[in-house]
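Colleague: Got a predicted model here, sequence first, then my questions.
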Amino acid sequence: MGIISAVYNFLWGDLFTIPIGGGIGISLLVALLIPVGLYFTVRTRLLPVRCFPEMLRLMIHRETAGRSGAISGLQALIVSTATRVGMGNMVGVVAAISVGGPGAVFWMWVTALMGASTAFVEATLAQLYKENDPLFGGYRGGPAYYIHAFFSRGKKKSVIAAAFAFSGLLCWCGVSQVIGNSVSASFQNAFSIPPIVSTVVLVALAAVVVMRKNASVKVLDVIVPVMAGFYFVLAIFVIVKNAALLPEVFGRIVEEAFGLRQAVAGGFGGALMNGVKRGLFSNEAGSGSAPCAAAAAKVSHPAKAGLLQAFGVILDTIVICTCTAMIMLLAPQEALENLSGMALLQTAMGCHFGQWGVYFVAVTLWLFSFSTFIGILYYARSNVAYLFGDHWAAQTGYQLVALVMLFIGGLAAYTFVWDLGDIGIGLMTIFNLIAVIPMSGQAIAALRDYEARKEDLR
């Protein structure tokens, strides 16, 4: 426990303090991800803004996979969106605004734009170094594979690549527990359903999907567009219904994002720390998770997969997270006083939709969490294969472990295991960036080649 606590504090604790007001603590992960995101944004010449029309075009004019077991670029985006759109979009946004005020929303937008550039680079590298998948068909890859190419020097295994793969498996076990606990708690609060009942149903349905070969993508193809679309529509309804309050809300967002009082009080620092700490679980840019899906896509050019994953970060944070922010900020603020976490979001939804809003949050969280679990098990395939080889026993064994963790998490909250999840994603990010930064030139070259040839590739 002492070792785990020390590693957690090294990754997520204050590495140094910026002397503003009472001091803003900056963790190691923040110190890495913000500069790297800014660096890639400059190197790609403001890709999130400049290439946004092309991202939309790729979404509309999608390519088919055309190979047994392979998935299309859009399907890879759906898989990564399944893991991005989850608790971070709901509870994470609530926490960021609770700490940093409305100004936190603005800095979430800024960090998302930088994260989109990072997502492009790592997803394009995953495409460049993907390989055939003899077990599931199609392709596989991700950071473990391009890290291996960079560091192995002809050896069968790379220590850093293996460390990344192990950290990923560790993280996703921790996330499985968080998912189970969140679902059981929300259903108990909303419907008074005992945790054992909601947990058994969740685990049984998850087992049916993840234990069947190639069923994950088919299920996510249905769930993700429906859940994200429905949540978006309800948020738009809230925005339209309260349109008269929008100038005031956006005024508060901008004012508190740049106001000295808010910066000193933690508006900027709180948004920065919460947005990157918990937002990393949301958009995953830089952590190396989404490239595991991007590598499985069959696209006519590697940059296409990168652009689609960059769009995924924008969709997750600027669209879905903003929906949650608007639901909170457009609710009567006096009704939200002295509340935090899921209770705060459920109360805000209750203000807009009555008791049905409370029910809706519980059901939405269930769908978000269920799809996240399926998505992380899809990610795990390539990491299990890198560590243990192409064996069904290894793949099935990890799936069973994750299902057990999902079940245990539904019955009790073990912060020890949750910290392991935080440590896992922190280590993934470090190992991933060690290779992504020096290899980024290949992704930039792929972007230039695509932009020069995109008319021929359409």
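Modeller: Arrived safely, thanks for sending.

Colleague: From here on, just use CA atoms for contacts and neighbour counts.
Modeller: Will do.

Colleague: Pull the contacting residues for residue 290.
Modeller: 80, 119, 123, 284, 309, 379 (CA atoms under 8 Å, 6 or more residues apart in numbering).

Colleague: quick one: low-confidence ranges for the protein?
Modeller: Applying pLDDT under 70 to the chain picks out residues 17-25, 62-70, 86-89, 91-92, 99-100, 258-282, 339-342, 413-418, 456-458.

Colleague: ok, which stretches of it are strands?
Modeller: For the chain, the strands defined by DSSP state E occupy 14-18, 24-27, 131-132, 139-140.

Colleague: Looking at the contacts of residue 290, which one is closest to residue 3?
Modeller: Nearest to residue 3 out of the contacts of residue 290 is residue 284 (CA to CA; 25.4 Å).

Colleague: and the closest one, how many neighbours?
Modeller: By other CA atoms under 10 Å, 27 other residues sit near residue 284.

Colleague: thinking it is in contact with residue 84, fair?
Modeller: Yes - the pair residue 284 / residue 84 is scored as a contact, 6.6 Å apart, by CA atoms under 8 Å.

Colleague: Find residues that contact each of those two.
Modeller: The overlap between the contact sets of residue 284 and residue 84 (CA under 8 Å, 6+ apart) consists of residue 313.

Colleague: ok, back up a step: need the max-distance pair from the contacts of residue 290.
Modeller: Farthest pair in these (CA to CA) is 119 and 379. Separation: 15.4 Å.

Colleague: Among these two, which residue is more densely surrounded?
Modeller: More neighbours surround residue 119 than the other of residue 119 and residue 379, with 33 against 28 (other CA under 10 Å).

Colleague: quick one, what contacts that one?
Modeller: 285, 286, 290, 306, 309, 310, 313.

Colleague: Return the distance of the residue nearest to residue 145 when sequence neighbours are not counted relative to residue 297.
Modeller: Leaving aside its chain neighbours, residue 145 sits nearest to residue 129 (6.5 Å; criterion: CA to CA, 6 or more residues apart in numbering). Distance, residue 129 to residue 297, using CA to CA, to the nearest Å: 12 Å.

Colleague: Residue 305 is in contact with residue 128, isn't it?
Modeller: No - applying CA under 8 Å, one finds residue 305 not in contact with residue 128, separated by 10.1 Å.

Colleague: chain center to the longest helix anywhere in the chain: distance?
Modeller: Using DSSP state H to define each element, the chain has its longest helix at helix 415-457. Once both centres are worked out by CA atoms, centre = their mean, to the nearest Å, helix 415-457 turns out to sit 13 Å from its chain's centre.

Colleague: helices or strands up against that helix?
Modeller: Helix 415-457 is packed against helix 2-12, helix 28-43, helix 103-128, helix 143-151, helix 159-191, helix 302-313, with contacts defined by 3 or more CA pairs under 8 Å, 6 or more residues apart in numbering; DSSP states H and E.

Colleague: Which one, of the ones you listed, ends up nearest to residue 331?
Modeller: Between the helices and strands packed on helix 415-457, helix 103-128 lies closest to residue 331; by CA to CA that is 15.7 Å.

Colleague: Now do the closest one and helix 302-313, the angle between them.
Modeller: Here the directions of helix 103-128 and helix 302-313 differ by 160 degrees (axes from the mean of the first three to the mean of the last three CA atoms, to 10 degrees).

Colleague: Just want the angle from helix 103-128 to helix 143-151.
Modeller: Going by the same axes, to 10 degrees, helix 103-128 makes 60 degrees with helix 143-151.

Colleague: Helix 103-128 relative to helix 415-457, how many degrees between them?
Modeller: Computed by the same axes, to 10 degrees, the angle separating helix 103-128 from helix 415-457 equals 60 degrees.

Colleague: buried sites along helix 103-128?
Modeller: 103-109, 111-128 (16 or more other CA atoms under 10 Å).

Colleague: Correct me if wrong: residue 11 contacts residue 426.
Modeller: Yes - contact criterion CA under 8 Å: residue 11 and residue 426 qualify, at 6.2 Å.

Colleague: Now do the shared contacts for the two.
Modeller: Common neighbours of residue 11 and residue 426 (CA under 8 Å, 6+ apart) are residue 29.

Colleague: how many neighbours does residue 188 have?
Modeller: 16.

Colleague: Quick check: the closest residue to it other than its chain neighbours vs residue 328, distance?
Modeller: Setting aside the residues directly before and after it, residue 188 is nearest to residue 194 in space (CA to CA, 6+ apart), at 5.9 Å. Remark: distance between residue 194 and residue 328 (CA to CA) = 28 Å.

Colleague: Pipe the contacts of residue 119 into TSV and attach distance to residue 60 per row.
Modeller: Below are these laid out as TSV (distance: CA to CA, whole Å):
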residue	distance to residue 60
285	23
286	26
290	21
306	16
309	15
310	15
313	17
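
Colleague: Verify the stated contact: residue 94 with residue 345.
Modeller: Yes - with contact defined as CA under 8 Å, residue 94 reaches residue 345; the gap is 6.9 Å.

Colleague: where do the contact lists of the two overlap?
Modeller: Contacts common to residue 94 and residue 345, judged by CA under 8 Å, 6+ apart, are residue 328.

Colleague: returning to what we had before: okay, residue 194 and residue 328: which has more neighbours?
Modeller: Ranked by neighbour count (other CA under 10 Å), residue 194 and residue 328 place residue 328 first, with 24 against 14.

Colleague: so how far is residue 367 from the nearest residue to the more buried one once chain neighbours are set aside?
Modeller: In this structure, residue 328 finds its nearest non-sequential neighbour in residue 348, 5.6 Å apart by CA to CA, 6+ apart. The spacing between residue 348 and residue 367, counted by CA to CA, is 19 Å.

Colleague: For the two, indicate the residue with more neighbours.
Modeller: More crowded of residue 348 and residue 367, by other CA under 10 Å: residue 348, with 25 against 21.

Colleague: can you pull the contacts of that one?
Modeller: 327, 328, 331, 332, 335, 336.

Colleague: now, which of those residues lie within helices?
Modeller: Among those, the subset assigned to helices under DSSP H consists of 327, 328.

Colleague: By neighbours, which of the contacts of residue 348 wins?
Modeller: Within these, residue 328 tops the neighbour count with 24 neighbours, counted by other CA under 10 Å.

Colleague: List the residues that contact it.
Modeller: Contacts of residue 328 by CA under 8 Å, 6+ apart are 94, 345, 348, 349.

Colleague: what would those look like in TSV with distance to residue 358?
Modeller: As requested, the contacts of residue 328 are arranged in TSV below (distance: CA to CA, whole Å):
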residue	distance to residue 358
94	15
345	8
348	9
349	6
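
Colleague: Could you list which of those belong to helices?
Modeller: Reading helices off the contacts of residue 328 with DSSP H, I get 94, 345, 348, 349.

Colleague: Could you single out the nearest of the residues you listed to residue 32?
Modeller: Distance to residue 32, by CA to CA, is smallest for residue 94 among the ones in helices among the contacts of residue 328, at 24.3 Å.

Colleague: how near is the closest one to residue 348?
Modeller: 10 Å.

Colleague: List the buried residues of stretch 29-45.
Modeller: 29, 30, 33, 34, 36, 37, 38, 39, 40, 41, 44.
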